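>>> Generate a structure from the sequence data that follows.
(2 chains)
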Amino acid sequence: MTTVAAFEIDHTQFLDPQGEAVKALPPFAADTAALVAMYRAMVLTRAFDAKAIALQRTGKIGTFASALGQEAVGVGVATAMEGDDVLVPSYRDHAAQFVRGVSMVESLLYWGGDERGSNFAGPRQDLANCVPIGTQVPHAAGAAYAFKLRREPRVAVCLLGDGGTSRGDFYEAMNMAGVWRLPLVIVINNNQWAISVPRHLQSAAQTLAQKAIAAGVEGRQVDGNDVIAVRQIVGQALDKARSGGGPTLIEAMTYRLGDHTTADDASRYRDAESVREQWTFEPNLRLRRYLARIGAWDKEREDALQRDCAAEVNAAVDAYFALPPPTCDAMFDHLYQTLPDALEAQREEARKFAPKGEPQ
Amino acid sequence: MAEINLVEAVNLALAHELARDPSVVLLGEDIGVNGGVFRATVGLQARFGPERVIDTPLAEASIAGVAVGMAVAGLRPVAEIQFTGFIYPTLDQIINHAGRIRHRTRGRLACPLVLRSPAGAGIHAPEHHSESPEALFAHVPGVRMVIPSSPARAYGLLLAAIRDPDPVVFFEPTRLYRLYRQAVEDNGEALPLDVCFVVREGGDVTLVSWGAMLQDTLAAADALARDGVSAEVIDVATLKPLDLPTILESVAKTGRCVIVHEAARTSGFGAEIAAGLAEQGLTSLLAPVQRVTGYDVVVPLPRLEPQYLPSVARIVAAARKALEYA
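Numbering: from 1, shown residues only, chains lettered A, B, ... in the order given. Alright, predicted model coming up:
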């Protein structure tokens, strides 16, 4: 018997849970201001999540999916990307989206039940949130194909969850990306839970990163609670993709500290003790500890940042509330580039029965 | 002007658009080196290169999904699904994404893709190679559903589909691929989408059909004419969005309507047309609307295929029934 194939999956961590560097940090981490900006983005996301959940509880927005505990994945991914790369997100990726320039008002609009929330003023070519699990991976592969065909130095970056890696779409798209050597980076936010289904019931594979191997794609694992590690490994994958080296799959190990969404009650399927334990690994605390260790952070700055973020979130909420509601025409306006004649009568019917006083 | 069959017309339209617009790409299983199992894409990879005429891995859901991503990123992908029996995995991408992207981003992003697929029965093909699932796609908001009925129509409608800014599902009737030749000029002129074509004028009864069944419907019109019945024949061509006014106008003249399609009857697209006539054309009708369709059964294997497909005799009988009402 001879071995015809073998594989290894590396795992990268720079900061341990105490915020201590376990090895030399990558060059970008020498820029303290950049690290503080990343920390700010993580804190802002957490403040937004807390506010959004409160808004849902009081009926001001609809169901909301918090990113609590997974801030480092989104912020690490987005800070590694170039502006004209394209982000292809799932529905839990506002940490990345905010760094990319999606506004909190747009996110509130989206979760508040208004399509205008996906008309990003900032990253015009980023895809909108993808709700059907894993179906966005082929979109990212298709966008990457367009970049490659046009010889553009751009990369498509796809985010999905651990549950999404059980979907055929994920395998199929990664397989195509491998064959066509596409400029694609797929990042798995492995938060250990697909609603109530834990990671070990999702797949018998030792790592999710190794799912890349069968597609001839490089697979790597990273500590998803270590934003420096996420940014570094995603950055390497982006460089590789941009220089024609093809796709990479990155599994970011993190934990969903909150419920799946506001419609979920995680106490039904996991015990509080295990969640409490996970709080010791959470990403914001880790980076804060590191910043404090190097003398770049203290209580005063933390208090100021918290105040700042709360004010920014509150301003976004005010701006969201100040927007007029959509008119019933919005159902028809962008269904096709030009509304077909066949739909005119239906639009008229909707107008006729729209609530009185609604602006047309 | 060259006389070509329908599959050659498809090839001609694809070549025209590949040459005209560098953002057009083709993708699908066996479409490159092999030129497609029906040879619809023959010669195109040699002419336009493997980057633009792409042999994909065997994965229908992601052929559609990758086409969505290409379209959103500014390409004009024309994806081929080898047979409609294998098109069902694409429904997720077409329903959940292709038909929604423009709407859900308020026009920020668009999805100008074409999903081509050979459709229909009558070529003695194996299981899963003879289906007509056009009603499934016609049900999807934000999508167009187009079926040509002749080489010229295939050329002009496919040009229009590729140039359309929104997703188009384009079924090519396999039975017509090589049935007959027609003069088609490669002039790059698209036919209008969203329009039903009156292909034969008449005053006694309106026969409505699309795709391969148009041949049998026209033959039925000939048979009726021999008995002095003047049938108007409409080729629906674009099922979604439906040009109901053209059908209503015809029925206003004839007062009688027979709808012919080869897909199963229940929730087939004929039901939509019949409902439209009931809603908006009832006062024109002198007789109940007749449907001549495939039966509500699994499309049979080739031995029973002729008995499944609506025949000229069945169409003529339905027209006669409609004419019985005074």
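
>>> In chain A, what residue lies closest to chain B?
A:Gly142 (2.2 Å; C-beta to the nearest C-beta). Where C-beta positions appear, they are placed from N, C-alpha and C, glycine not excepted.

>>> residue ranges of the strands in the stretch 151-300 of chain A, please?
Using DSSP state E, counting those that start in this stretch, the strands found in the stretch 151-300 of chain A span residues A:156-161, A:184-190, A:193-194, A:197-198, A:218-223, A:248-253.

>>> Beyond whichever helix or strand B:Pro77 is part of, next helix or strand please.
B:Pro77 belongs to strand B:76-80 when assigned by DSSP states H and E. Later in the chain than strand B:76-80, the nearest helix or strand by DSSP H and E is helix B:91-93.

>>> ok, and does that following helix reach over to chain A?
Yes - interface with chain A: helix B:91-93 contributes B:Asp92, B:Gln93 (C-beta under 8 Å from any C-beta of the partner chain).

>>> Make sure B:Phe197 is actually in contact with B:Val233.
No - the criterion here is C-beta atoms under 8 Å, and B:Phe197 misses it with B:Val233 at 9.3 Å.

>>> How many residues are close by the residue of chain A closest to chain B?
33 (other C-beta atoms under 10 Å in any protein chain shown).

>>> With the one 4 residues further on instead?
Residue crowding around A:Ala146 was assessed by other C-beta under 10 Å; the count is 24.

>>> what do you get for the one 3 residues further on?
Around A:Leu149 there are 19 other residues, counting by other C-beta under 10 Å.

>>> While we're on the closest residue to it other than its chain neighbours, how confident is the model there?
The shortest distance from A:Leu149 to any residue other than its chain neighbours is 5.7 Å, reached at B:Glu51 (C-beta to C-beta, 6 or more residues apart in numbering or on different chains). pLDDT for B:Glu51: 98.

>>> what about B:Glu51, which SS state?
Under the three-state scheme (DSSP: H, G, I helix; E, B strand; the rest coil), B:Glu51 adopts coil.

>>> Please list the residues of the stretch 251-360 of chain A that sit near chain B.
Going by C-beta under 8 Å from any C-beta, the residues of the stretch 251-360 of chain A near chain B are A:Ala330, A:Asp333, A:His334, A:Leu335, A:Tyr336, A:Gln337, A:Pro340, A:Asp341, A:Ala342, A:Leu343.

>>> among these, which ones are buried?
Buried subset of those (neighbour count, 16 or more other C-beta atoms under 10 Å in any protein chain shown): A:Ala330, A:Asp333, A:His334, A:Leu335, A:Tyr336, A:Pro340, A:Ala342, A:Leu343.

>>> In space, what's closest to the fifth one - neighbours in sequence excluded?
Setting aside the residues directly before and after it, A:Tyr336 is nearest to B:Asp166 in space (C-beta to C-beta, 6+ apart), at 4.9 Å.

>>> Touching, the one you found and B:Arg144? I think so.
Yes - counting by C-beta under 8 Å, B:Asp166 touches B:Arg144, with 6.4 Å between them.

>>> quick one, phi/psi of the residue in the stretch 51-200 of chain B that chain A sits nearest to?
Here the stretch 51-200 of chain B gets closest to chain A at one residue, B:Gly69, 2.2 Å apart by C-beta to the nearest C-beta. Backbone geometry at B:Gly69, expressed as degrees, to the nearest 10, gives phi -60, psi -40.

>>> Around it, how many other residues sit close by?
So B:Gly69, with other C-beta under 10 Å, has 33 neighbours.

>>> again, but for A:Thr207
18.

>>> quick one, what contacts it?
A:Thr207 makes contacts with A:Ile9, A:Gly219, A:Gln221, A:Glu251, as judged by C-beta atoms under 8 Å, 6 or more residues apart in numbering or on different chains.

>>> let's see it at 6 Å
The contact partners of A:Thr207, taken as C-beta atoms under 6 Å, 6 or more residues apart in numbering or on different chains, are A:Ile9, A:Gln221.

>>> what does B:Ile147 give?
So B:Ile147 contacts B:Phe171, B:Trp210, B:Gly211 (C-beta under 6 Å, 6+ apart).

>>> ok, how many other residues are close to B:Gly203?
Residues near B:Gly203, counting by other C-beta under 10 Å: 13.

>>> Look at residue 255 and say how many residues are nearby.
Let's take chain A. 22.

>>> um, chain B though
If we define neighbours as other C-beta under 10 Å, then B:Gly255 has 19 of them.

>>> Now do the same contact list for it.
Here B:Gly255 is in contact with B:Ser284, B:Leu286 (C-beta under 6 Å, 6+ apart).

>>> any idea how far it is from B:Phe269?
22 Å (C-beta to C-beta, to the nearest Å).

>>> ditto for A:Ala141
33 Å.

>>> Which one's more surrounded, those two?
Legend: neighbour count by other C-beta under 10 Å for A:Ala141 and B:Phe269, higher for A:Ala141 (31 against 26).

>>> Where does the record place the domain boundaries for the chain?
All of this is about chain A. For chain A, the domain assignment from automatic domain parsing gives the residue ranges A:11-325, A:327-360.

>>> Can you look at chain B instead?
Taken from automatic domain parsing, chain B resolves into B:3-183, B:197-323.

>>> Of those domains, flag the one that's most buried.
Among the domains of chain B, domain B:3-183 has the highest mean neighbour count (mean count of other C-beta atoms under 10 Å in any protein chain shown), at a mean of 22.

>>> any idea how far it is from the chain center?
11 Å (C-alpha atoms, centre = their mean, to the nearest Å).

>>> One more: stretch B:229-237?
Distance, centroid of stretch B:229-237 to centroid of chain: 16 Å (C-alpha atoms, centre = their mean).

>>> from what I can see B:Thr217 touches B:Leu207, true?
Yes - counting by C-beta atoms under 6 Å, B:Thr217 touches B:Leu207, with 4.9 Å between them.
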